[in-house]
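In: no FASTA, just this:
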Ligand code: GLC
């Protein structure tokens with residue numbers, strides 16, 4: 001199999017609002033990112049996935065785009081963007097843009113025109129439907145309002161669809177003209193020198209709304225194949241689709257090179273290990289480590305011979321992993337990093353994860369920015385819950401918790417801004433920050449840096465075969481990677497209780513430890529003595 005650059009690189013997600021402010025308005029920007037490129041180079045990443053910076057009214061912090069070919073003044077100018085691509089490139093860092101083409105902002109000129117005139121050229125870029133018995137066309141609801149996903153348009157007497165907020169209007173992928181317009185826009189960015197796209201809610205493109213289907217529509221894969229051919233086909237390009245509905249088998253379908261669709265998708269199976277299946281977003285249960293392990297392993301198995309997995313714990317929509325799985329302990333942050341970077345696939349780090357940044361809780365609704373969280377709060381209150389009860393539920397998933405500004409240093413504004421930060425800085429920045437960690441030999445940051453370098457220099461981590469070790473105590477996640485004669489063992493005690501045991505697959509002998517989150521591992525493979533959250537990667541002989 002031909003090897004791609006993205007099979008040995010680690011990708012770093014930047015949430016631009018919260019990364020680095022350069023002009024004192026309290027909101028991160030492109031010049032801020034440029035000023036931190038040396039930091040990213042030192043960390044060793046190969047690419048940045050940049051969350052949206054296009055012109056947007058910011059109903060959903062940029063996931064509501066009003067102009068795909070302009071930079072929002074909040075973040076800078078197109079010249080700044082060009083400079084970011086150039087300066088990153090000089091440091092061996094590629095740029096991946098966020099492609100939000102399931103919907104546009106209601107302020108996008110396509111929608112403005114479509115609404116003004118039912119005969120407008122862009123009318124069929126969106127999804128319109130006649131009332132049924134004087135009501136909404138069907139029962140689809142919007143995740144970001146809690147109400148109907150249909151909005152009535154007085155002028156034309158039809159409804160239009162918005163599966164997210166009222167400011168995010170769903171595009172009609174059945175329209176060939178819309179698809180061509182999107183591909184043209186993508187080529188505009190490809191010509192500017194970017195190296196990939198992250199495709200927002202890609203499984204919703206081509207929805208079969210009239211059968212209440214919003215994911216995995218009948219033409220989804222056909223559209224992705226067409227997109228591939230019309231845009232990046234002849235380049236070594238990274239494409240990663242966000243697909244909440246995908247199981248590991250579907251993940252293989254999207255990423256099998258034979259199908260000529262995407263390089264990989266984000267598959268969220270593991271995120272259910274501490275949630276009530278089918279329950280509301282705040283309904284959690286204690287982490288089921290076996291379920292978590294199973295979800296990680298199934299992804300590896302499904303794509304062992306075709307397709308390619310993405311590897312991630314966190315992003316701007318999820319709680320911080322160290323809070324969720326590791327009680328905010330730095331040693332657990334390192335464990336999570338080791339387990340993830342040992343797997344086969346492309347690792348994605350969410351900004352601040354390399355410092356062990358933790359989830360921040362909101363005390364009152366007035367301080368919450370997240371459009372989804374605010375909508376759910378309103379619903380909970382309407383149902384009669386007290387403000388305190390509603391806030392407790394919100395704090396389980398409120399997306400603000402992972403969106404607080406980067407913690408560069410221990411000063412009151414964490415080195416993020418000279419102004420008032422758009423979202424309060426997490427109080428733990430006095431301990432958890434880049435100034436304290438870069439250069440400290442035993443920091444979370446040092447573990448990430450070491451892992452990224454290990455991946456870059458170790459073909460076994462890039463393409464080696466994955467082997468599950470099963471039958472070990474529940475709290476242990478253990479697996480191997482193999483390439484030719486070489487075999488590595490990755491082990492993690494995913495719990496805060498220590499454990500002594502012998503691996504269920506005992507025919508293993510330690511050659512040497514390559515990385516560990518305790519100074520001196522005490523295990524004598526195949527016999528393990530693991531302290532709380534202890535993890536290591538070892539070479540076997
Ligand atoms: C994706 C994004 C999320 C956004 C939603 C709607 O899930 O990651 O942040 O709110 O799509 O665009």
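Out: Nice, thanks for sending it over. These numbers were taken from a predicted model, which means no experiment stands behind them. Numbers count the residues shown, from 1 in each chain.

In: what's the burial count for the residue of the chain found nearest the ligand?
Out: Of all residues in the chain, residue 63 sits closest to the ligand, at 3.5 Å by CB to the nearest ligand atom. (Glycine included, C-beta is placed from N, CA and C.) Neighbour count of residue 63, defined by other CB atoms under 10 Å: 25.

In: So which residues on the stretch 101-250 of the chain come close to the ligand?
Out: Contacts of the stretch 101-250 of the chain with the ligand, taken as CB under 6 Å from any ligand atom, map to 164, 200-201, 242.

In: Repeat the analysis, applying 8 Å as the threshold.
Out: Within reach of the ligand by CB under 8 Å from any ligand atom, the stretch 101-250 of the chain has these residues: 102-103, 144, 164, 168, 200-201, 242, 244.

In: Okay, domains of this structure per the record?
Out: As recorded under automatic domain parsing, the domains making up the chain are 7-104+175-360+402-447, 109-170, 363-397, 464-540.

In: Run the chain-centre distance for the first one.
Out: If I follow you right, that is domain 7-104+175-360+402-447. 4 Å (CA atoms, centre = their mean, to the nearest Å).

In: same question, the shortest one
Out: From the chain centre to the centre of domain 363-397 is a distance of 23 Å (CA atoms, centre = their mean).

In: Check stretch 139-151 too.
Out: 24 Å.

In: what's near enough to touch the nearest residue to residue 298 once chain neighbours are set aside?
Out: With sequence-adjacent residues excluded and distances taken as CB to CB, 6 or more residues apart in numbering, residue 298 is closest to residue 248, at 4.8 Å. Residues in contact with residue 248, defined by CB atoms under 8 Å, 6 or more residues apart in numbering, are 267, 269, 298-299, 301-303.

In: most centrally placed residue in the protein?
Out: Nearest to the geometric centre of the chain sits residue 315, at 3.8 Å (CA atoms, centre = their mean).

In: Contact partners for the residue lying closest to it once chain neighbours are set aside?
Out: Distances taken as CB to CB, 6+ apart place residue 350 nearest to residue 315, at 5.1 Å, with adjacent residues excluded. Residues near residue 350 by CB under 8 Å, 6+ apart: 13, 15, 312-316, 402.

In: Specify the beta-bridge partners of residue 170.
Out: Residue 170 has these beta-bridge partners by DSSP bridges: residue 103.

In: other SSEs contacting the helix ranked longest in the chain?
Out: Counting by DSSP state H, the longest helix found in the chain is helix 176-191. Helices and strands touching helix 176-191, by 3 or more CB pairs under 8 Å, 6 or more residues apart in numbering; DSSP states H and E, are strand 67-71, helix 220-230.

In: Including mean pLDDT, mean neighbour count and distance to residue 453, could the ones you listed go into JSON lines?
Out: Compiled in JSON lines, the helices and strands packed on helix 176-191 are given as follows (pLDDT from 0 to 100; neighbours: other CB atoms under 10 Å; distance: least, CB to CB, whole Å):
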{"stretch": "strand 67-71", "mean pLDDT": "98", "mean neighbour count": "17", "distance to residue 453": "33"}
{"stretch": "helix 220-230", "mean pLDDT": "98", "mean neighbour count": "18", "distance to residue 453": "32"}
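
In: Go ahead and confirm residue 38 touches residue 90.
Out: No - between residue 38 and residue 90 there is no contact under CB atoms under 8 Å: 10.6 Å.

In: The residues of the stretch 101-250 of the chain next to the ligand, buried ones only, as a ChimeraX selection?
Out: To isolate the buried members of those in ChimeraX, using 16 or more other CB atoms under 10 Å:
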select :102,103,144,164,168,200,201,242
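
In: Residue 158: which of the residues of the stretch 101-250 of the chain next to the ligand is nearest?
Out: residue 103 (17.4 Å; CB to CB).

In: quick one on the thing from earlier: tell me what the residue nearest to residue 315 is bridged to.
Out: Bridge pairing for residue 350 (DSSP bridges) gives the partners residue 13.

In: List the buried residues for stretch 164-178?
Out: Buried-residue list, stretch 164-178, by 16+ other CB under 10 Å: 164-173, 175, 178.

In: How about the residues of the stretch 351-500 of the chain by the ligand?
Out: Within reach of the ligand by CB under 8 Å from any ligand atom, the stretch 351-500 of the chain has these residues: 371-372, 399.

In: In JSON lines: the residues you listed, plus distance to residue 524.
Out: Formatted as JSON lines, those follow (distance: CB to CB, whole Å):
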{"residue": "371", "distance to residue 524": "53"}
{"residue": "372", "distance to residue 524": "49"}
{"residue": "399", "distance to residue 524": "44"}
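
In: ok, so of those, who is nearest residue 355?
Out: Of all these, residue 399 has the smallest distance to residue 355: 19.3 Å, by CB to CB.

In: burial count for the closest residue to the closest one other than its chain neighbours?
Out: Excluding its sequence neighbours, the residue lying closest to residue 399 (CB to CB, 6+ apart) is residue 370, at 4.3 Å. Residue 370 sits with 23 neighbouring residues when counted by other CB under 10 Å.

In: what's residue 370 in contact with, if anything?
Out: Contacts for residue 370 (CB under 8 Å, 6+ apart) come out as 398-400, 403.

In: picking that back up, mark which of the contacts of residue 248 are buried, thanks.
Out: 267, 269, 298-299, 302-303.

In: how about these, which pair is most distant?
Out: 269 and 303 (12.5 Å).

In: Pick the most deeply packed of the domains of the chain.
Out: Greatest average neighbour count among the domains of the chain goes to domain 7-104+175-360+402-447 (a mean of 20), per mean count of other CB atoms under 10 Å.

In: Need the distance between the two termini of that one.
Out: The straight-line separation of the ends of domain 7-104+175-360+402-447 (CA to CA, to the nearest Å) is 20 Å.

In: next one: stretch 134-141
Out: End-to-end distance for stretch 134-141: 17 Å, by CA to CA.

In: so how far is that stretch from its chain's centroid?
Out: Distance of stretch 134-141 from the chain centroid (CA atoms, centre = their mean) equals 32 Å.

In: now stretch 157-170
Out: Here the centre of stretch 157-170 is set off from its chain's centre by 25 Å, with CA atoms, centre = their mean.

In: what's the helix or strand for the closest residue to residue 385 other than its chain neighbours?
Out: Spatially, and ignoring its direct neighbours in sequence, residue 385 is nearest to residue 393 (7.7 Å; CB to CB, 6+ apart). Using DSSP states H and E, residue 393 falls within helix 387-397.

In: hmm, who's touching that helix?
Out: If you take CB under 8 Å, 6+ apart as the criterion, helix 387-397 is touched by 280-282, 284, 319, 361-365, 368, 373, 376-377, 380-381, 385, 401.

In: Helices along the stretch 51-200 of the chain, start to end?
Out: Using DSSP state H, counting those that start in this stretch, the helices of the stretch 51-200 of the chain run over 78-90, 109-116, 176-191.

In: what's the answer for the stretch 201-350 of the chain, then?
Out: With DSSP H, counting those that start in this stretch, the ranges of helices along the stretch 201-350 of the chain come out as 220-230, 248-255, 289-302, 321-326, 330-342.

In: And these: which comes nearest residue 110?
Out: In terms of CB to CB, the element of these nearest to residue 110 is helix 220-230, at 17.8 Å.

In: so what does that closest one touch, helix or strand wise?
Out: Using 3+ CB pairs under 8 Å, 6+ apart, helix 220-230 sits against helix 176-191, helix 248-255.

In: Export these as a markdown table, with columns for mean pLDDT.
Out: Formatted as a markdown table, the helices and strands packed on helix 220-230 follow (pLDDT from 0 to 100):
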| stretch | mean pLDDT |
| --- | --- |
| helix 176-191 | 98 |
| helix 248-255 | 98 |
